[in-house]
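> Give the three-dimensional model of this entry:
(2 chains)
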Amino acid sequence: MESVSVEKLMAQSSFINYCFQTGEEDMRYWENWLREHPEHQQVVQEAREMVMAAGWLSYAEKEKPLALAQLDEYLLSASAPRTRSIRWYYAAAASLILVFAAAWYFKPARTAAPVVAARSGPLRLQYSTMGHARQGFILPDSSYVLLESNTLLQLDHSFGVSSRSMELNGVAYFKVSPDQHRPFKVRSAEYTVTALGTAFRMTAQKAALHVLLEEGKVMVQKETAGKQILVAYLLPSESLLLEPDSRKSPQPQQFAQSTLNAWKAQEIIFDHTPLSEVVLQLEACYNIKISVEGINLQQEIFSGRFKNDALPAVLDVLCFTLNKQYQFADSTNVLIK
Amino acid sequence: MFDERDIWVKFCAGEQAAFRELYDQYYSRLFVWGCKWLDGDAAFVKDHLHDFFIYLWEKRSNLSQDIQVSAYLLTAFKRRLIEQWGKQQKLTDVSSMMDLSADDNEEADLFDTQFGRVQAAMANLSPAQREVIEMRFLQHLSLQEIADVKNTSLRTVYNLTHRAISQLRQDVGKKNILFLW
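Below is the predicted model:
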């Protein structure tokens, strides 16, 4: 080595191995070299510190999103007991505003109905929570979608014909109704997420995409030069984060299902919602199956607002207002009668 | 604009948003700081960094509001980390690991300045440069392995790495690097 510089040292993989103590042979080599060239002690030290700093910082920034998610989970669980005392007021308020209505009173076009974009050309159904709180919707194929506030979901005009395609801007949780012949596809910029019998949450914001898979399987594709390139398949409890100028190839990460469950239960709002939809939404948000006996689901509507409430608290309010009882057949099956 | 004093007062008052902000702002800094003291035992640092934040949050009502936030966090985390590391290693005396002669605040201030420079330098790299730096320094891949992963020539990877490293070095400033930990 005719001259020694930080750059030259750093460009050698044996030197990197020496810094991170990953290769015994390389470590021995550089230790010996340093003994023979004590005059280069300082430049070696400098290069080593540079390598370590950059490496640790990269590590930290890789871990940070997960750590923040862990913090959010902690904050959610820590704040839940404190709202317990308030919950009674919610319960009382919710039961007061519950409305029973006969079928003739209930009109199909509710306030929660999707807005049909009034444009020339093919009609596009659109669901929006711009400027207001999160809201659940049932799509025409009876899939359930929960839109976080300030989210826009636009169905393609061909929705339901040969496929079920739509475009998302914001945060949405989907519980997809099974249909083998019409794949369920959600697009955001150049990415397409295809659900294969599935429940998942997707965030499409500022060109970044984040997918959390609850059950089933999804395929994530990226359009490059008119072609769909496979990015990843996700399995349950895996998440994938895609950023526009990502420095590395995206890898699925594990996440705690409890995080997603907490997010779903953060705020559930029913506003003159038919009981059939209430049941679907609660099933999706709490991962349960609800059977109802002795009530016509289409004839009754319900209004109420729940914040971070546990399932029994929600069922208490619902059953109180319906004048019914609920029981758990097992941990995931509830019977209301 | 991040006003650390304001955030700290709100944190002590129990505001969750302030907690999140503090965590967000100090995560990487404390992570690198911890690795420096534990000679790169990143997994240990990672676990205890989260615990440290939770510990602070639970003790928030006892914390002084009038402090140098960064110096306080660095010093507190260092002590706690080394103590716990000692416990895990069953060391009876960890005082040798804490350089008692050094002034805690001065040490923390110096680190703060230097960390700020490294962070800015890393942020200045292009995505491609950053990717090779990560592959080299985090995944410990060789230039040939990077070339294989990126499906490109060794020469291209060499040039890219060289440029990335030069820029990193230039941005941090040669002088300052010498005194980095």
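
> ranges for the strands of the stretch 51-200 of chain A?
Secondary structure of the stretch 51-200 of chain A (DSSP state E, counting those that start in this stretch): strands located at A:115-116, A:125-128, A:135-138, A:144-147, A:152-155, A:164-175, A:184-188, A:191-205.

> In TSV, list the ones you listed along with distance to A:N261 and mean pLDDT.
Placement of C-beta: from N, CA and C, glycine included. Putting those into TSV (distance: least, C-beta to C-beta, whole Å; pLDDT from 0 to 100) gives the following:
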stretch	distance to A:N261	mean pLDDT
strand A:115-116	30	46
strand A:125-128	23	82
strand A:135-138	15	84
strand A:144-147	12	88
strand A:152-155	22	89
strand A:164-175	11	89
strand A:184-188	21	90
strand A:191-205	11	82
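
> Turn those into a markdown table, columns for distance to chain B.
Below are those laid out as a markdown table (distance: least, C-beta to the nearest C-beta, whole Å):
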| stretch | distance to chain B |
| --- | --- |
| strand A:115-116 | 32 |
| strand A:125-128 | 27 |
| strand A:135-138 | 24 |
| strand A:144-147 | 23 |
| strand A:152-155 | 26 |
| strand A:164-175 | 17 |
| strand A:184-188 | 20 |
| strand A:191-205 | 17 |
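
> Just send those back as JSON lines, with mean neighbour count too.
What follows is the strands of the stretch 51-200 of chain A, written out as JSON lines (neighbours: other C-beta atoms under 10 Å in any protein chain shown):
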{"stretch": "strand A:115-116", "mean neighbour count": "10"}
{"stretch": "strand A:125-128", "mean neighbour count": "19"}
{"stretch": "strand A:135-138", "mean neighbour count": "22"}
{"stretch": "strand A:144-147", "mean neighbour count": "22"}
{"stretch": "strand A:152-155", "mean neighbour count": "20"}
{"stretch": "strand A:164-175", "mean neighbour count": "22"}
{"stretch": "strand A:184-188", "mean neighbour count": "21"}
{"stretch": "strand A:191-205", "mean neighbour count": "21"}
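
> so which of these gets nearest B:Q88?
With C-beta to C-beta as the criterion, B:Q88 lies closest to strand A:191-205 of these, at 36.9 Å.

> which residues of chain B score low on pLDDT?
B:1-2, B:91-102, B:172-181 (pLDDT under 70).

> which SS state does the residue most central in space within it fall under?
Nearest to the mean C-alpha position of chain B, counting by C-alpha atoms, centre = their mean, stands B:V32 at 2.3 Å. Secondary structure for B:V32, judged by DSSP: H, G, I helix; E, B strand; the rest coil, is helix.

> That one and A:L57 touch, don't they?
Yes - look at B:V32 against A:L57 with C-beta atoms under 8 Å: they come within range, at 5.5 Å.

> tell me, what's touching those two both at once?
Counting by C-beta atoms under 8 Å, 6 or more residues apart in numbering or on different chains, the shared contacts of B:V32 and A:L57 are B:V118.

> Quick check: the closest residue to A:T224 other than its chain neighbours vs A:N261, distance?
Nearest residue to A:T224, sequence neighbours excluded (C-beta to C-beta, 6 or more residues apart in numbering or on different chains): A:E190, at 7.1 Å. Taking C-beta to C-beta, to the nearest Å as the measure, A:E190 falls 30 Å from A:N261.

> Tell me what A:I269 is bridged to.
A:R305 (DSSP bridges).

> Do I have it right that it meets A:K307?
No - in this structure A:I269 lies outside contact range of A:K307 using C-beta under 8 Å: 9.4 Å.

> more neighbours, those two?
Between A:I269 and A:K307, A:I269 has the larger neighbour count (other C-beta atoms under 10 Å in any protein chain shown), namely 17 against 14.

> Roughly how far does the nearest residue to A:E300 once chain neighbours are set aside sit from A:V231?
Among residues not flanking A:E300 along the chain, A:L275 sits closest, at 4.5 Å (C-beta to C-beta, 6+ apart). Computed as C-beta to C-beta, the A:L275 to A:V231 distance reads 40 Å.

> Please apply the same query to A:W263.
In this view, A:W263 and A:V231 are 23 Å apart by C-beta to C-beta.

> Just give the number of residues close to residue 56.
You didn't pick a chain, so chain A it is. Neighbourhood size, A:W56 [other C-beta under 10 Å]: 23.

> Correction: the question concerned chain B.
The local packing of B:L56 (other C-beta under 10 Å) involves 20 other residues.

> The one helix or strand it maps to near chain A at all?
Here B:L56 sits within helix B:42-58, counting by DSSP states H and E. Yes - for helix B:42-58, a contact with chain A is found by C-beta under 8 Å from any C-beta of the partner chain, at B:42, B:46, B:49-50, B:53-54.

> which of these lies closest to A:L311?
Of all the residues of helix B:42-58 next to chain A, B:I54 has the smallest distance to A:L311: 26.9 Å, by C-beta to C-beta.

> Find the nearest non-adjacent residue to the closest one, please.
Per C-beta to C-beta, 6+ apart, closest to B:I54 is A:Y74, 6.5 Å.

> What spatial separation is found between the one you found and B:L63?
For A:Y74 relative to B:L63 (C-beta to C-beta), the value is 18 Å.

> got it, and A:L282?
42 Å.

> list the buried ones in the helix or strand where A:Q221 lies?
Applying DSSP H and E as the criterion places A:Q221 in strand A:208-224. By neighbour count on 16 or more other C-beta atoms under 10 Å in any protein chain shown, the buried set for strand A:208-224 is A:208-214, A:216-222.

> And the next helix or strand past it?
With DSSP H and E, the next secondary element past strand A:208-224 is strand A:227-234.

> residues from the stretch 1-150 of chain A in reach of chain B?
With the criterion set to C-beta under 8 Å from any C-beta, the stretch 1-150 of chain A comes near chain B through A:6-7, A:10-11, A:13, A:16-17, A:20, A:22, A:42, A:46, A:49-64, A:67-68, A:70-72, A:74-75, A:79.

> repeat that with 7 Å
A:6-7, A:10-11, A:13, A:16-17, A:20, A:22, A:46, A:49-61, A:63-64, A:67-68, A:70-71, A:74-75, A:79 (C-beta under 7 Å from any C-beta of the partner chain).

> Now, of the residues you listed, which are buried?
Looks like those have A:6, A:10-11, A:13, A:16-17, A:20, A:46, A:49-61, A:63, A:67, A:70-71, A:74-75 buried, using 16+ other C-beta under 10 Å.

> Next up, the contacts around B:V69.
Under the criterion of C-beta atoms under 7 Å, 6 or more residues apart in numbering or on different chains, the neighbours of B:V69 are B:4-5, B:8.

> Now with 8 Å, please.
Each residue near B:V69 by C-beta under 8 Å, 6+ apart is listed here: B:4-5, B:7-8.

> Of the residues you listed, keep whichever come out buried.
Using 16+ other C-beta under 10 Å as the burial test, the contacts of B:V69 include B:4, B:7-8 as buried.

> Excluding chain neighbours, what is closest to the residue lying farthest from the centre of chain B?
Residue farthest from the centre of chain B, counting by C-alpha atoms, centre = their mean, is B:S153 at 33.4 Å. Spatial nearest neighbour of B:S153, excluding adjacent residues (C-beta to C-beta, 6+ apart): B:A147 at 6.2 Å.

> Likewise for A:E238?
Closest residue to A:E238 apart from its sequence neighbours, by C-beta to C-beta, 6+ apart: A:P252 at 4.2 Å.

> Near that neighbour, how many residues? Count them for me, please.
A:P252: 18 neighbours (other C-beta under 10 Å).

> rewinding a little: if I read this right, the residue farthest from the centre of chain B contacts B:L143, doesn't it?
No - contact criterion C-beta under 8 Å: B:S153 and B:L143 do not qualify, at 10.4 Å.

> any weak-confidence spans in chain A?
Along chain A, segments meeting pLDDT under 70 span A:1-3, A:7, A:11, A:78-124, A:197, A:245-249.
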